[in-house]
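Colleague: Need coordinates for the following:
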Amino acid sequence: MDDMSAFTPPRASRLPSVLSLARTVWRGDGDLLSLLPGEAFSMAAGELGFSRRSIKLFNEPDLVKQILQDSEGIYPKSDLMVGALEKLIGDSIFVSDGPKWRRQRAMIDPAFSKMRLNLAFRAMQDAVADYTERLNASAEKGETLSLDQMTSELTADIICRTVFSTSLDMQISKDVFEDFVIFERGVAQVKIWRLIVDPAWTEVEQDPEVLAACERIRKHLGTLTDTHLQAAPGTYDDIASAVIAARDKDTGEAFTREELIDQLGVFFLAGHETSASALTWAFYLLAMQPQVAKRLRAEVEAVTGGGEITFDSIKKLIFTRSVFKETLRLYPPITFMPRVSLKAGTVGPYRIRKGALLMIAPWTMHRHVKYWDRPDTFDPDRFMPHGPGETTPGSYIPFGSGPHTCVGAGFAAVEAALILAALTCKFEFHIENADRIRPAARLTTRPAEQIRMTVSRHEA
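Modeller: Numbers count the residues shown, from 1 in each chain. Alright, predicted model coming up:
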């Protein structure tokens, strides 16, 4: 391994529990990473901080599997997550559980076939080509850009082309990005206080600014949905049309318009926001480690001969995909997967009381000293064929685990490899505020402040 092994990218500083809580309250920015004490990265399981409700963090893969498999249905998605998301995506497949989730999943399953990668890849290529032109213009002008906004706009365009068969107007994409920033920051503030002072299942009113942001996002989604509802049958052959055609096998009923916005909102928001989060960090890491970017470019050149990056090329871009896998390890988009216990019981040797919050954190599992060598170091080679990879089964869960594993994992991996390969070969990204970058966890793992950058064309 070369000098890549020396690079330790930004992480949340680790303090004892009491100081972690004090720091979180003092900052007041809704960053859930601030709550994690130093011991969270070495224990198998244990109490996390101090709050009115019991919060247990689980890092042991076997215990995590038990919770996420949830064969008895007693560990549904937590009231915190449901409360945070319901104003945006309603009671959709992303937040539902039990019979309702199974009904929704059965109705939506046929739509997943529309995410066939060989078909979706053309939409990815077209969106990347269009965005390349935008970056060329920015390079000409020497503009300062937001890396966060760049990845959000590009992945939103890709998922819009896949779900709705149309490119996303860039002003709408910008509006959705800005509203989602408002949404994430606002609901995170509520969640922090609910963690500390409220009992389980407490209703909390969202801030009017958050509700307005949700309404604007849902309005855009409704406009896109209506293009399909108002079209003649057979006009579209995409995810939206498949969800519209879905029927409940028992009642024969279709989704209502509001339910369609809920379900298609999951495809759209989850399908681009998580990818955008990971890609923001991937481009940041490549910008901070030019020798990694150089190696990535060399691989792309060797695979494509300087030509088009095809669908068949992606599986041959082993190092490029390893860069993305390592980014997902260090900066998993879904930082926490909270569950709530519907009744008192045990998980392994640990007693759980009713209403307790069971916190599963890819962030701590992916940086756990027991499962990873040099856990805070950026080392793409750990995922290369000769590398150690995931030495402890179940310790790497960037896309979740169990029945609710993200169905878009394959889509995200192909999309990320294409975007990283295409844009890294054409451009160099110059970070302007590198000394101020730190991660923050709200709904996804994002930089606490947006990463500012300029772009220049890469000269081979």
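Colleague: use CA for all of it now, contacts and neighbours both
Modeller: Fine.
Colleague: Can you name the next helix or strand after the helix or strand of the chain with the lowest mean pLDDT?
Modeller: Ranked by mean pLDDT, DSSP states H and E, the weakest helix or strand in the chain is helix 17-27, scoring a mean of 54. Elements were assigned by DSSP states H and E; along the chain past helix 17-27, the next helix or strand is strand 45-47.
Colleague: Please name every helix or strand in contact with that next one.
Modeller: strand 55-58 (3 or more C-alpha pairs under 8 Å, 6 or more residues apart in numbering; DSSP states H and E).
Colleague: who does the strand it packs on touch, helix- and strand-wise?
Modeller: strand 45-47, strand 357-360.
Colleague: Provide the strand pairings for that strand, with the direction of each partner.
Modeller: The partner list of strand 55-58 in its sheet, established with DSSP bridges, is strand 45-47 (antiparallel), strand 357-360 (parallel).
Colleague: for the stretch 101-250 of the chain, which spans come out with low pLDDT?
Modeller: Scanning the stretch 101-250 of the chain for pLDDT under 70 picks out 113-115, 187-196, 201, 204.
Colleague: Of all the helices and strands packed on strand 55-58, which one is nearest residue 172?
Modeller: Residue 172 sits nearest to strand 357-360 of all the helices and strands packed on strand 55-58, at 34.1 Å, using C-alpha to C-alpha.
Colleague: Rebuild the strands paired with strand 55-58 as a markdown table, extending it with distance to residue 426 and mean neighbour count.
Modeller: Shown next, in a markdown table, are the strands paired with strand 55-58 (distance: least, C-alpha to C-alpha, whole Å; neighbours: other C-alpha atoms under 10 Å):
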| stretch | distance to residue 426 | mean neighbour count |
| --- | --- | --- |
| strand 45-47 | 45 | 17 |
| strand 357-360 | 38 | 25 |
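Colleague: for those, which one sits closest to residue 265?
Modeller: From the strands paired with strand 55-58, taking C-alpha to C-alpha, the stretch that ends up closest is strand 357-360, at 24.6 Å.
Colleague: Can you list the neighbours in contact with the closest one?
Modeller: Outside of strand 357-360, the residues within contact range by C-alpha atoms under 8 Å, 6 or more residues apart in numbering are 53-59, 64, 78, 336-341.
Colleague: If you count contacts, what does whichever helix or strand comes after it end up packed against?
Modeller: Downstream of strand 357-360, the first helix or strand assigned by DSSP H and E is helix 362-365. With contacts taken as 3+ C-alpha pairs under 8 Å, 6+ apart, helix 362-365 sits against helix 318-330.
Colleague: do that again at 7 Å, thanks
Modeller: Helix 362-365 is packed against no helix or strand, with contacts defined by 3 or more C-alpha pairs under 7 Å, 6 or more residues apart in numbering; DSSP states H and E.
Colleague: List of residues touching whichever helix or strand comes after that helix?
Modeller: Going down the chain from helix 362-365, the next helix or strand is helix 409-426, by DSSP H and E. Helix 409-426 is contacted from outside by 117, 124, 128, 275, 279, 293, 297, 300, 314, 320-321, 399, 457-458, using C-alpha atoms under 7 Å, 6 or more residues apart in numbering.
Colleague: same deal with stretch 212-223?
Modeller: Against stretch 212-223 from outside (C-alpha under 7 Å, 6+ apart): 87-88, 176, 179, 182-183, 261, 265.
Colleague: Dihedrals phi and psi, residue 454?
Modeller: The phi/psi pair for residue 454 (degrees, to the nearest 10) reads phi -120, psi 160.
Colleague: Apart from its neighbours in sequence, what residue is nearest it?
Modeller: Spatial nearest neighbour of residue 454, excluding adjacent residues (C-alpha to C-alpha, 6 or more residues apart in numbering): residue 144 at 4.9 Å.
Colleague: okay, now that neighbour: neighbour count?
Modeller: Per other C-alpha atoms under 10 Å, the neighbour tally for residue 144 reads 15.
Colleague: which residues does it contact?
Modeller: Contacts of residue 144 by C-alpha under 7 Å, 6+ apart are 452-454.
Colleague: Between those, which sits nearest residue 428?
Modeller: Closest to residue 428, out of all of the contacts of residue 144 and judged by C-alpha to C-alpha, is residue 454, at 8.5 Å.
Colleague: The closest one and residue 140 touch, don't they?
Modeller: No. With contacts counted by C-alpha atoms under 7 Å, residue 454 stays clear of residue 140, the gap being 10.5 Å.
Colleague: Of those two, give the one with the bigger neighbour count.
Modeller: Using other C-alpha under 10 Å, the more surrounded residue of residue 454 and residue 140 is residue 454, with 19 against 12.
Colleague: Against residue 170, how distant is the more buried one?
Modeller: Per C-alpha to C-alpha, to the nearest Å, residue 454 is found 19 Å from residue 170.
Colleague: if you skip the residues just before and after it, what's nearest to the residue most central in space within the chain?
Modeller: The centroid of the chain falls nearest to residue 274 when counting by C-alpha atoms, centre = their mean (2.3 Å). For residue 274, ignoring the flanking residues on the chain, the nearest one in space by C-alpha to C-alpha, 6+ apart is residue 333 at 5.2 Å.
Colleague: which residues touch residue 355?
Modeller: 200, 340-343.
Colleague: can you tell me the helix or strand for residue 202?
Modeller: Counting by DSSP H and E, residue 202 is found in no helix or strand.
Colleague: what's the offset of stretch 394-414 from the middle of its chain?
Modeller: 10 Å (C-alpha atoms, centre = their mean, to the nearest Å).
Colleague: From start to finish, how long is it in a straight line?
Modeller: Span of stretch 394-414 from end to end, C-alpha to C-alpha: 22 Å.
Colleague: likewise stretch 261-278?
Modeller: 25 Å.
Colleague: Quick one: distance of it to the chain centre.
Modeller: In terms of C-alpha atoms, centre = their mean, the gap separating the centre of stretch 261-278 from the centre of its chain is 8 Å.
Colleague: tell me the mean pLDDT over the helix or strand hosting residue 67?
Modeller: Secondary structure assignment for residue 67, by DSSP H and E: helix 61-69. Helix 61-69 comes out with an average pLDDT of 94.
Colleague: Point out the least confident one among the contacts of helix 409-426.
Modeller: residue 117 (82).
Colleague: Identify the residues contacting that one.
Modeller: Contacts of residue 117 by C-alpha under 7 Å, 6+ apart are residue 411.
Colleague: what does residue 383 give?
Modeller: Residues in contact with residue 383, defined by C-alpha under 7 Å, 6+ apart, are 322, 389.
Colleague: coming back round to it: now flag whichever of the contacts of helix 409-426 is closest to residue 166.
Modeller: Nearest member of the contacts of helix 409-426 to residue 166, counting by C-alpha to C-alpha, is residue 124, at 12.0 Å.
Colleague: wait, the closest one sits on residue 160?
Modeller: No. Assessed by C-alpha under 7 Å, residue 124 is found out of contact with residue 160, at 10.3 Å.
Colleague: Cool, thanks, talk later.
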